[in-house]
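>>> Any chance you could fold what I've pasted below:
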Amino acid sequence: MKERIKNLIYGEEGQGMTEYIIIVALIAIAAIGVITVFGDNIRALFKASTNALAGDQNVQVETRKFTGSVKKTIKDFANNKTQ
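The predicted structure is shown next:
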């Protein structure tokens, strides 16, 4: 009984899962950052890819050059206008 309580107190069974959760959280934060910066261009590339797969022969990608910081929130992320 003493050994079981000692293992519960000093055991490291949950440590690996915690490390994986931290890594997944960092990857999610990085992905949100990339989408925030390059979101309009990514949307344009997916639109062009969808049109090409649908059979459109004259596909042109309309991307814009990144000129600085884009400040969007979750509420206005889908809007095409930048602040």
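
>>> Just give me the residue closest to the centre of this protein.
The centroid of the chain falls nearest to residue 31 when counting by C-alpha atoms, centre = their mean (2.6 Å).

>>> Please state the offset of the helix or strand where residue 41 lies from the chain centre?
Element membership for residue 41, per DSSP states H and E: helix 15-53. Between the centre of helix 15-53 and the centre of its chain there are 3 Å (C-alpha atoms, centre = their mean, to the nearest Å).

>>> Show me what counts as buried in it.
Along helix 15-53, these residues count as buried under the neighbour rule (16 or more other C-beta atoms under 10 Å): 39-40, 48. Every residue, glycine included, has its C-beta placed from N, CA and C.

>>> Regarding residue 62, what is its secondary structure?
Assigned by DSSP: H, G, I helix; E, B strand; the rest coil, the conformation of residue 62 is coil.

>>> The nearest residue to it once chain neighbours are set aside and residue 23, how far apart?
Excluding the flanking residues, the one nearest residue 62 by C-beta to C-beta, 6 or more residues apart in numbering is residue 44, at 5.2 Å. Computed as C-beta to C-beta, to the nearest Å, the residue 44 to residue 23 distance reads 31 Å.

>>> Likewise for residue 6?
Using C-beta to C-beta, residue 6 is found at 30 Å from residue 23.
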